[in-house]
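# The following block contains a protein sequence and its predicted model.
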Amino acid sequence: MPDTGEYTESETEEQGNFYGELKTALCWNDSKHLSFRIRQFVETERKLELKYKGLLDTTTGDYVFNGHLRKNIYLTGTPSIEKVYSAASRPRLRRNDIDPDRVLPGGLKTLFFKDWVLGPGVSYDSTRQQHLRFSMGLKKSPQVLKHGDRSDLWLTGRCNVEVDPRTAEVSTFGALKVKMLKYNVTDKQDIKVCAGITFENSGKGFTHNPYLKISENNISARFQKKSLMFLYEL
């Protein structure tokens, strides 16, 4: 609450491609409330992106949700993360600008100037007085900082600007995240550790919130704002 290619005209061009399945989870936080969370991300062949997040508090019955509809504009070609894993699995197809064995396999040029996705659209938030706003998003496709046989280190980032159509009030949001993935810690266990920070500037002023999330398969613990949340993905 982390994209590709050209579409071709056919009878299926309006069908949705699901990049990431529907995700549901049970959440428990310091307030000792059990909540049910749902998340969905869909992108069509025309690069229309629909993202939805909802949270139902089973104690109070309150339900809050938000989401957006955007037109993704990919400013470069194939994401570098695909090239890195392709080069790692098929060494004979390696390119001079991609080396999966080094730190920053895609290089500094890719880190700063490639893999950007621009997304104009609209957003909706049930907790706001004016639910619907115009938005412009900019996100960085995941950047591989270090790749190994049993671990990976990624960097992701995104920002968003929203405008209230009635008052012309502007709010901004940004996020940076470093993710470490450790594969096959045991025969059935993978570990993910995410450290990040979010920034927001709205009518309430500027705020920033660092967080840490540790996941083992479908069980996670998230630390943020001196609070702790446990999640169990269904």
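Perfect, I can see it now. Numbers count the residues shown, from 1 in each chain.

# Residue 62 is in contact with residue 33, correct?
No. At 9.4 Å, residue 33 and residue 62 do not qualify as touching, with contact defined as C-beta atoms under 8 Å. From N, CA and C alone the C-beta is placed, and that goes for glycine too.

# residue ranges with poor pLDDT in the chain?
For the chain, applying pLDDT under 70 flags the ranges 1-21, 92-95, 203.

# all strands for it, in order.
Counting by DSSP state E, one finds strands in the chain at the ranges 16-17, 23-28, 34-44, 48-57, 63-71, 73-74, 116-125, 132-147, 151-163, 170-186, 189-202, 205-216, 219-224, 227-233.

# Need the residues that contact the fourth one.
Surrounding strand 48-57, the residues in contact under the criterion C-beta atoms under 8 Å, 6 or more residues apart in numbering are 1, 16, 27, 33, 35-43, 62-72, 119, 121.

# ok so, going back, the strands of the chain: which one's closest to residue 85?
strand 132-147 (7.6 Å; C-beta to C-beta).

# So which bits of that closest one are buried?
Across strand 132-147, burial judged by 16 or more other C-beta atoms under 10 Å covers 133, 135, 137-145, 147.

# Likewise for stretch 50-70?
For stretch 50-70, using 16+ other C-beta under 10 Å, the buried residues are 51-57, 66-70.

# do the same with stretch 117-128
117, 119, 121, 123, 125.

# Quick check, the first one in contact with residue 142.
No. Shown here, residue 117 and residue 142 do not form a contact pair, counting by C-beta under 8 Å, at 11.3 Å.

# Tell me what residue 64 is bridged to.
residue 55 (DSSP bridges).

# to the chain's geometric centre, what's the distance from the longest helix along the chain?
Counting residues, the longest helix in the chain under DSSP state H turns out to be helix 80-89. The gap between where helix 80-89 is centred and where its chain is centred comes out at 20 Å by C-alpha atoms, centre = their mean, to the nearest Å.
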